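# Next input, structure requested:
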Amino acid sequence: MRNFLLRRPVVGKALIVGALLALSVPGTAYANTVGVTVKTPGATAGPVAAFSEISTDAACASGLVSGGGINQAIGTGSSSNGNKINGTSPSPDGSTEYLGSTGVVGTDVTHWLGIGGSGGAVNASFSSTPYAMCFGSSLINHTQVVMNKLAGPTTGSTVGLVTATCPANTRLLGGGARITPADIGSLKPIASFPTFNNSAHGYGQKAAADGEGNPDSWSAVGWNGGGGNSDNTTYAYAICSGNGINISGATVKVRHSEVSGPTAATAGQTVTVGCGGGDGKLIGGGAAISGGSVTTTNFTGPGSQGDHLNGSYPSDSGGNPVADGTTTAAYWSATTHTGGVSSPSTYSDAWALCADDGV
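Below is the predicted model:
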């Protein structure tokens, strides 16, 4: 029997976000003036049925995707627990997904997908908005997508972490996460973050910390809230510079913030982080809902099986998504949400990837 995100009636998200909004921005944000443009087509409604998903596409008319994101509207009341992110990932054409063989699966990608899923409840407010980070660089003029996948998670309240690593002598620019199948309503990616393929970071189990430079990998974490376990798969995507490019002049710096919550049932949290004054341009970002201390300990799941992500997107300093065509985005926000029961010892994380003028 298919499971679903836990729920019970409480106050709506609009009130909760206002009460719980948390911002942590290291330094003064640097507004990039050239090289990166955010593209978004706006919101796509749905899903309209339980245990289903919709796919939305943001496309770069010029330049290549360095990363991307998604933001969801969920409505209010207990049914708001039912909207969740199923994926935020690159695509070659706006519909095709990289779900087959692992390794380098695409080059010079220009589309970004935002995939919204539903648990056991839906409402008319559900929608998903995708965001593509489109950049042009005389130094990094070719990119490649590396995909890795994991069978699982297969049991309730367990994590399935998988890491995609860029080829040697290339630079990580961004990344994404995806889970399948859609009809397991309690299955979702609860984390998508930059990391390193080394022992200090548990070979992807620990996320890159604030201020670290040039991560080489991207991790995705699947979370099974207790539903079915047939063919569950978690996918990680790393967007890397192309082979044969001299990357010595390009530095990618990580900015990270972690805040407590959400902990109440049917509650939301927002965390925002920005590129510092000397960091360069915002080129991508990530998000997580977790057990906390994600940069110092191996990733652990949050306090409740219904916890999920509702957003990972370029924003202003107040956590508001930026508009289509924005060239000055300097912040990345994550929005998280509980299910229908309380979630003790739960934390929310956001990462911003910032590239210097070499990119």
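# Show me where the stretch 51-200 of the chain has its helices.
With helices called from DSSP state H, counting those that start in this stretch, the stretch 51-200 of the chain shows none.
# Please enumerate the strands of it.
53-59, 64-73, 83-91, 103-107, 111-118, 127-135, 143-151, 158-165, 172-180, 187-195 (DSSP state E, counting those that start in this stretch).
# Output those as TSV; include the columns mean neighbour count, distance to residue 262 and mean pLDDT.
Any C-beta I mention is one placed from the backbone N, CA and C, and that applies to glycine too. TSV is the format used below for these (neighbours: other CB atoms under 10 Å; distance: least, CB to CB, whole Å; pLDDT from 0 to 100):
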stretch	mean neighbour count	distance to residue 262	mean pLDDT
strand 53-59	21	23	98
strand 64-73	28	15	98
strand 83-91	29	14	98
strand 103-107	16	35	98
strand 111-118	28	19	98
strand 127-135	28	20	97
strand 143-151	22	27	98
strand 158-165	22	18	96
strand 172-180	29	20	98
strand 187-195	30	13	98
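# In TSV: these, plus distance to residue 334.
Shown next, in TSV, are those (distance: least, CB to CB, whole Å):
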stretch	distance to residue 334
strand 53-59	18
strand 64-73	9
strand 83-91	10
strand 103-107	25
strand 111-118	14
strand 127-135	13
strand 143-151	22
strand 158-165	17
strand 172-180	12
strand 187-195	9
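# so which of those gets nearest residue 36?
The closest of these to residue 36 is strand 127-135. By CB to CB, the value is 4.6 Å.
# Tell me which strands the closest one pairs with, and in which orientation.
Sheet pairing here is set by DSSP bridges, and for strand 127-135 it gives strand 36-39 (antiparallel), strand 44-45 (antiparallel), strand 64-73 (antiparallel).
# for the strands of the stretch 51-200 of the chain, which one sits closest to residue 203?
Short answer: strand 158-165, nearest of those by CB to CB, at 6.7 Å.
# helices and strands around that closest one, which ones?
strand 143-151, strand 187-195, strand 217-224, strand 233-241 (3 or more CB pairs under 8 Å, 6 or more residues apart in numbering; DSSP states H and E).
# rerun that using 10 Å as the cut-off
Applying 3 or more CB pairs under 10 Å, 6 or more residues apart in numbering; DSSP states H and E, we find strand 158-165 packed against strand 103-107, strand 143-151, strand 172-180, strand 187-195, strand 217-224, strand 233-241.
# okay if I get these as JSON lines plus distance to residue 92?
Converted to JSON lines, those look like this (distance: least, CB to CB, whole Å):
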{"stretch": "strand 103-107", "distance to residue 92": "5"}
{"stretch": "strand 143-151", "distance to residue 92": "9"}
{"stretch": "strand 172-180", "distance to residue 92": "14"}
{"stretch": "strand 187-195", "distance to residue 92": "20"}
{"stretch": "strand 217-224", "distance to residue 92": "18"}
{"stretch": "strand 233-241", "distance to residue 92": "12"}
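# Of the ones you listed, which is nearest residue 208?
Of those, nearest to residue 208 by CB to CB is strand 187-195, at 4.4 Å.
# orientation of that closest one relative to strand 233-241 in degrees?
Here strand 187-195 points in a direction 30 degrees away from that of strand 233-241 (axes from the mean of the first three to the mean of the last three CA atoms, to 10 degrees).
# coming back round to it: of the helices and strands packed on strand 158-165, which approaches residue 276 most closely?
The nearest among those, by CB to CB, is strand 187-195 at 16.0 Å.
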